[in-house]
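Peer 1: structure for the following, please:
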Amino acid sequence: MGFSAARARRRDSGRAGLLAQAAGCLGVVVLAGILSAAGLLIWFFQSIHDSGRDQDREARAAVAAAAERLGKRFTEADADGILTDQEIADALKQHDPWSLDRNATRTVVVVQVAAGGWAQCYAYTATRAGSVTSLQLQSCPALSPATLPQEHGTSATPWTTPELPDRT
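Peer 2: Numbers count the residues shown, from 1 in each chain. I've put the predicted structure just below:
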């Protein structure tokens, strides 16, 4: 055994060696705690992010379901091929029309449907043949919502709807 090996053994066996080993163990424990805390934070923020994504997906599904129900109400109202202002108001229930456009062959009602913090505009086209089609719009028109007249069955046409395909 050489001089340096004996010296190293003596250094490890004394009080200084014990403190060095304790400091090394403490360092490992602190590092493990920091890594555990970092992992916990990552998990926490990921779960919050996933929760928001799930809520967004559920809100979109609720909007689509509400739009489908609204389309069915318009179809029932247009069974005779004439969609009156009162029938539109009855079908809309709590929704306000964004716009209403009538011509000789069709009536187009644009409605913003909202649920769970999500909103989407849909255009419902009722034809004189008694059929109603719906179209999900990419964005809601820039103008403010229209209001339907409540008296005398007058036509409300605050502006013409955007370019919508004629599905007759």
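Peer 1: need the helices for the protein, in chain order.
Peer 2: Ranges of helices in the chain, per DSSP state H, are 3-13, 15-77, 85-92.
Peer 1: quick one, which of the ones you listed is nearest to Gln112?
Peer 2: When those are compared by CB to CB, helix 15-77 sits nearest Gln112, at 9.6 Å. Glycine gets a C-beta too; all of them are placed from N, C-alpha and C.
Peer 1: need the mean per-residue confidence for the closest one.
Peer 2: The average pLDDT within helix 15-77 is 83.
Peer 1: can you give the distance from that helix to the centre of its chain?
Peer 2: The chain centroid and the centroid of helix 15-77 are separated by 18 Å, computed with CA atoms, centre = their mean, to the nearest Å.
Peer 1: out of the helices of the chain, which comes closest to Ala126?
Peer 2: Between the helices of the chain, helix 15-77 lies closest to Ala126; by CB to CB that is 6.2 Å.
Peer 1: okay, the angle between that closest one and helix 85-92?
Peer 2: Counting by axes from the mean of the first three to the mean of the last three CA atoms, to 10 degrees, helix 15-77 lies at 150 degrees to helix 85-92.
Peer 1: which strands or helices does helix 15-77 pack on?
Peer 2: Under the contact criterion of 3 or more CB pairs under 8 Å, 6 or more residues apart in numbering; DSSP states H and E, helix 15-77 touches helix 3-13, helix 85-92, strand 106-115, strand 118-127, strand 132-136.
Peer 1: would you list the helices of the chain in TSV and tack on distance to Trp98 and mean neighbour count?
Peer 2: TSV is the format used below for the helices of the chain (distance: least, CB to CB, whole Å; neighbours: other CB atoms under 10 Å):
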stretch	distance to Trp98	mean neighbour count
helix 3-13	81	10
helix 15-77	12	12
helix 85-92	11	18
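Peer 1: could you measure the residue nearest to Asp56 when sequence neighbours are not counted against Leu40, distance?
Peer 2: Of all residues not flanking Asp56 in the chain, Trp118 sits nearest, at 6.8 Å (CB to CB, 6 or more residues apart in numbering). Relative to Leu40, Trp118 is positioned 31 Å away (CB to CB, to the nearest Å).
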